[in-house]
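K.L.:
predicted structure and sequence below. I'll ask about it afterward.
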Number of protein chains: 2
Amino acid sequence: MVQYSQDRLDGSFAALSDTTRRGVLEQLGRADASITDLARTFDMTLTGMKKHVGVLERAGLVRTEKVGRVRTCTLGPRRLEEAREWMESYRQMWDARFEELDGLVQELTRKEQDDEPGE
Amino acid sequence: MVQYSQDRLDGSFAALSDTTRRGVLEQLGRADASITDLARTFDMTLTGMKKHVGVLERAGLVRTEKVGRVRTCTLGPRRLEEAREWMESYRQMWDARFEELDGLVQELTRKEQDDEPGE
């Protein structure tokens, strides 16, 4: 498989392994939002939401900017391209592996039939 | 975005958020292996490898079978289809969002030019 920055892949997948964080990304795909808005939408404390946004920000998936007293969140620069490629590559490998096993089973079945005494 | 089983998505992404676990999946894509083999390949204790394999097994990504004293690992039944679809859907959203913002910037630039006094 292609070589990626393993740390970055770890961070991307870890950031995505939480329902709320995926929800925040989907929300920011529709419109920018303040942390207060996000906490309200996801029925969460401000502290809890700040932690989730921090994880997303460190993974490059969210960008935040403080103007006055309000911290606004927008989608970050990363499109998860590497993580998507890893999964695509995994799928191809999976298909190839199961095709190979399938071929093996068919071959064994054929051999078994050949070995049976003729009618 | 499409609705998925959120718990299953959490589990899939968490399973993938570790370099060794992704390495184990890639390894099993090439050939089945015992836990002892995997521990050796990834220079890890047997206990450490058992934990990683347990995470992958609970996520449906690896299947293990004990024959005699050897536990053999194979790729599990799940192709990560949902996780892949989530990422595909995220990418489309990301593209749409940035196109939208790009359109907005272009419109503002055009307006600014229109507002400038003619030569």
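P.N.:
In hand now; what should we look at? On a predicted model such as this, the values are computed, not experimentally measured, just so you know.
K.L.:
so what's the model's average confidence on the lengthiest helix in chain A?
P.N.:
Identified as the longest helix of chain A according to DSSP state H is helix A:81-115. Averaging pLDDT along helix A:81-115 yields 87.
K.L.:
and the angle for that helix with helix B:81-115?
P.N.:
Counting by axes from the mean of the first three to the mean of the last three CA atoms, to 10 degrees, helix A:81-115 points 150 degrees away from the direction of helix B:81-115.
K.L.:
just how off-centre is helix A:81-115 within its chain?
P.N.:
Computed by CA atoms, centre = their mean, to the nearest Å, the chain-centroid distance of helix A:81-115 equals 24 Å.
K.L.:
what about the closest residue to residue A:78 other than its chain neighbours, which helix or strand?
P.N.:
What sits nearest to residue A:78 in space, not counting adjacent residues and going by CB to CB, 6 or more residues apart in numbering or on different chains, is residue A:60, at 3.9 Å. Any C-beta I mention is one placed from the backbone N, CA and C, and that applies to glycine too. Assigned by DSSP states H and E, residue A:60 belongs to neither a helix nor a strand.
K.L.:
show me what contacts residue A:60?
P.N.:
Residue A:60 makes contacts with A:76-78, as judged by CB atoms under 8 Å, 6 or more residues apart in numbering or on different chains.
K.L.:
ChimeraX command to pick out the buried ones of the residues you listed?
P.N.:
Buried subset of these, written as a ChimeraX selection, criterion 16 or more other CB atoms under 10 Å in any protein chain shown:
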select /A:76,78
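K.L.:
closest one of the contacts of residue A:60 to residue B:49?
P.N.:
Of all the contacts of residue A:60, residue B:49 sits closest to residue A:78, with 30.9 Å by CB to CB.
K.L.:
near chain B, which residues of chain A show up?
P.N.:
A:1, A:6-7, A:9-11, A:13-14, A:16-19, A:22, A:25-26, A:28-30, A:75, A:79-81, A:83-84, A:86-88, A:90-91, A:93-98 (CB under 8 Å from any CB of the partner chain).
K.L.:
and these, which are buried?
P.N.:
For these, buried by 16+ other CB under 10 Å: A:9-11, A:13-14, A:16-18, A:22, A:25, A:28-29, A:75, A:79-80, A:83-84, A:86-87, A:90, A:93-94, A:97.
K.L.:
what's the neighbour count on residue A:65?
P.N.:
10 (other CB atoms under 10 Å in any protein chain shown).
K.L.:
skipping adjacent residues, who's closest to it in space?
P.N.:
Per CB to CB, 6+ apart, closest to residue A:65 is residue A:72, 5.5 Å.
K.L.:
so the one you found makes contact with residue A:64?
P.N.:
Yes. At 6.7 Å, residue A:72 and residue A:64 qualify as touching, with contact defined as CB atoms under 8 Å.
K.L.:
circling back: for the helix or strand harbouring the residue nearest to residue A:65, packing partners?
P.N.:
Residue A:72 belongs to strand A:70-75 when elements are defined using DSSP H and E. Strand A:70-75 sits against helix A:19-30, strand A:33-34, helix A:35-41, strand A:62-67, helix B:81-115, with contacts defined as 3 or more CB pairs under 8 Å, 6 or more residues apart in numbering or on different chains; DSSP states H and E.
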